[in-house]
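> got a sequence here, can you model it:
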Amino acid sequence: MTAWAELHVHLEGTLEPELIFALAERNGIPLPYADLDDLRARYDFADLQSFLDLYYTNMQVLQTAQDFADLTDAYLARARQAGVRRAEVFFDLQAHTARGIPPEVALGGVHQALAAAEAQHGISTGLILTFLRHLPAGEAMAAYRQAVETGVPLLGVGLCSTEIGHPAAEFADVFSQARADGLRTVAHAGEEGDASYVWDALRALDVERIDHGVHAIEDDRLIDHLVGERIPLTMCPLSNVRLKVVPSLAAHPILEMLRRGVHVTVNSDDPAYFGGYLDDVVAGLRAELGLTDADVAQLARNSILASFASEAEKARLLA
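All right, here's what the predicted structure looks like:
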């Protein structure tokens with residue numbers, strides 16, 4: 001099986017309906033859904049915000065460290081089936097502390113599963129703390145400090161959530177601090193927003209990877225810059241279709257970008273909500289975009305090279 005690195009996946013977005021109901025029962029939390037079918041019927045999203053509303057409602061079931069460990073381990077088990085051998089996962093700490101979950105509980109549970117991932121699933125991992133863009137930048141700095149104080153190892157920091165109307169520059173200080181502390185940097189851009197949002201993330205935050213970057217295709221100068229600087233785009237085609245960023249997989253620009261030399265990778269984003277894990281995304285692209293075996297091999301190679309794994313690990317995965 002081809003080895004992949006998954007570089008754009010939100011742990012909270014891997015919360016499957018069955019686990020939502022199981023954790024709700026475990027923790028005595030009432031759900032606003034009659035049953036699994038009622039919940040699944042709500043997964044028809046008009047846009048990013050309609051998804052986020054459900055996303056934040058469902059994560060209320062995550063209460064204990066064991067809940068967070070179970071969530072993380074379930075993703076890792078499924079990712080292994082998809083061919084993932086390296087996973088750099090996003091985690092929205094602010095979404096949990098805002099509802100009273102202590103940082104050490106949320107991060108401790110995630111770390112418990114990640115620390116066992118190599119032995120249990122054959123997957124090396126890294127944890128990326130993602131700041132919620134719709135909240136004040138000062139709260140991002142507070143969340144970063146809380147995370148550091150727990151002692152849980154962090155690979156990097158990122159920026160996610162509602163893009164429009166929330167300039168990347170507002171978060172420059174916390175990204176600068178993370179870099180000074182030796183962490184890697186990524187940011188969502190060019191999903192809701194146009195190509196200018198990608199430029200903003202690159203210039204204001206000095207990020208090493210752009211998450212999504214779909215609308216970069218509209219700016220030839222930006223494409224040339226991405227190619228010339230070898231800046232990866234961690235693209236999520238199924239997510240983009242489900243959130244109406246593109247009308248269909250057949251209309252997705254990932255293959256054009258690949259042909260033009262952009263360092264694109266393929267990822268699942270929030271697979272419990274958007275119709276599939278990494279292997280499902282690849283299968284969809286094969287069917288709708290005519291991806292060849294050579295294209296798939298290049299995307300897999302790109303994913304490993306774009307990862308923040310050590311050079312020795314990259315060589316092992318490529319082999």
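> name the helices or strands packed onto the helix or strand bottoming out on mean pLDDT in the chain?
Least confident element among the helices and strands of the chain, by mean pLDDT, DSSP states H and E: helix 48-58 (a mean of 90). Judged by 3 or more C-beta pairs under 8 Å, 6 or more residues apart in numbering; DSSP states H and E, helix 48-58 is in contact with helix 271-274. (C-beta placed from N, C-alpha, C; glycine too.)
> keeping just the C-alphas, turn the helix it packs on into CSV.
Below are the C-alpha coordinates for helix 271-274, written out as CSV (Å, rounded to 0.1, in the frame of the first residue of the first chain):
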residue,chain,number,x,y,z
PRO,A,271,-13.9,13.3,7.4
ALA,A,272,-16.8,12.4,9.7
TYR,A,273,-18.7,15.4,8.2
PHE,A,274,-17.5,15.6,4.6
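> tell me where the model's unsure across the stretch 51-200 of the chain.
Along the stretch 51-200 of the chain, no part satisfies pLDDT under 70.
> so in the chain, which helix runs the longest?
helix 65-81 (DSSP state H).
> which other helices and strands contact it?
helix 17-27, strand 84-91, helix 103-115, helix 117-121.
> most tightly surrounded among those?
Per residue and on average, the most neighbours among the helices and strands packed on helix 65-81 fall to strand 84-91, with a mean of 25 (mean count of other C-beta atoms under 10 Å).
> so how far is the very next helix or strand once past that one from its chain's centroid?
Downstream of strand 84-91, the first helix or strand assigned by DSSP states H and E is helix 93-97. From the chain centre to the centre of helix 93-97 is a distance of 16 Å (C-alpha atoms, centre = their mean, to the nearest Å).
> now swap in stretch 46-63 and tell me
The answer for stretch 46-63 is 15 Å, by C-alpha atoms, centre = their mean.
> residues of it that come out buried?
L48, F51, L52, Y55, Y56, N58, M59, Q60, V61, L62, Q63 (16 or more other C-beta atoms under 10 Å).
> what residues does that stretch touch?
12-13, 15, 20, 23-24, 27, 29, 31-32, 42-43, 45, 67-68, 71, 95-96, 99, 101, 106, 161-163, 191-192, 242-244, 270, 273 (C-beta atoms under 8 Å, 6 or more residues apart in numbering).
> circling back to that earlier point, the helices and strands packed on helix 65-81: which one's closest to N302?
strand 84-91 (12.5 Å; C-beta to C-beta).
> could you say what helices and strands the closest one packs with?
Using 3+ C-beta pairs under 8 Å, 6+ apart: strand 84-91 touches strand 4-6, helix 65-81, helix 103-115, strand 124-132, strand 156-160, helix 311-318.
> how about the helices in the stretch 151-300 of the chain?
With DSSP state H, counting those that start in this stretch as the criterion, the stretch 151-300 of the chain has helices at 172-180, 195-205, 220-229, 237-242, 254-259, 271-274, 278-289, 293-306.
> now mean neighbour count too, for these, in CSV please.
Output for the helices of the stretch 151-300 of the chain, formatted as CSV (neighbours: other C-beta atoms under 10 Å):
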stretch, mean neighbour count
helix 172-180, 18
helix 195-205, 21
helix 220-229, 15
helix 237-242, 24
helix 254-259, 19
helix 271-274, 25
helix 278-289, 19
helix 293-306, 18
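> L205 and A3, how far apart?
30 Å (C-beta to C-beta, to the nearest Å).
> got it, and F21?
Taken as C-beta to C-beta, the span from F21 to A3 is 33 Å.
> then R209?
19 Å.
> the two - which one has more neighbours?
R209 (25 against 17; other C-beta atoms under 10 Å).
> so what sits opposite the more buried one in the bridge?
V186 (DSSP bridges).
> so it sits against L7, correct?
Yes: contact criterion C-beta atoms under 8 Å: R209 and L7 qualify, at 6.9 Å.
> now for these two: what residues contact both?
By C-beta under 8 Å, 6+ apart, the residues touching both R209 and L7 are V186, P232, T234, A306.
> so who does the residue nearest to the last one when sequence neighbours are not counted touch?
Looking back up the chat, that one is A306. Distances taken as C-beta to C-beta, 6 or more residues apart in numbering place P232 nearest to A306, at 3.6 Å, with adjacent residues excluded. Residues in contact with P232 (C-beta under 8 Å, 6+ apart) are L7, E208, R209, I210, H263, V264, T265, N302, L305, A306.
> R40 now?
Neighbours of R40 in contact, by C-beta under 8 Å, 6+ apart: P17.
> who's the closest spatial neighbour of D270, skipping the chain neighbours?
G13 (2.6 Å).
> the one you found and A137: what is the separation?
23 Å.
> please apply the same query to A172.
8 Å.
> okay, and the common contacts of these two?
By C-beta under 8 Å, 6+ apart, no residue touches both A172 and A137.
> for the closest residue to A287 other than its chain neighbours, grab the count of nearby residues.
In this structure, A287 finds its nearest non-sequential neighbour in L249, 7.8 Å apart by C-beta to C-beta, 6+ apart. When neighbours are defined as other C-beta under 10 Å, L249 has 19 of them.
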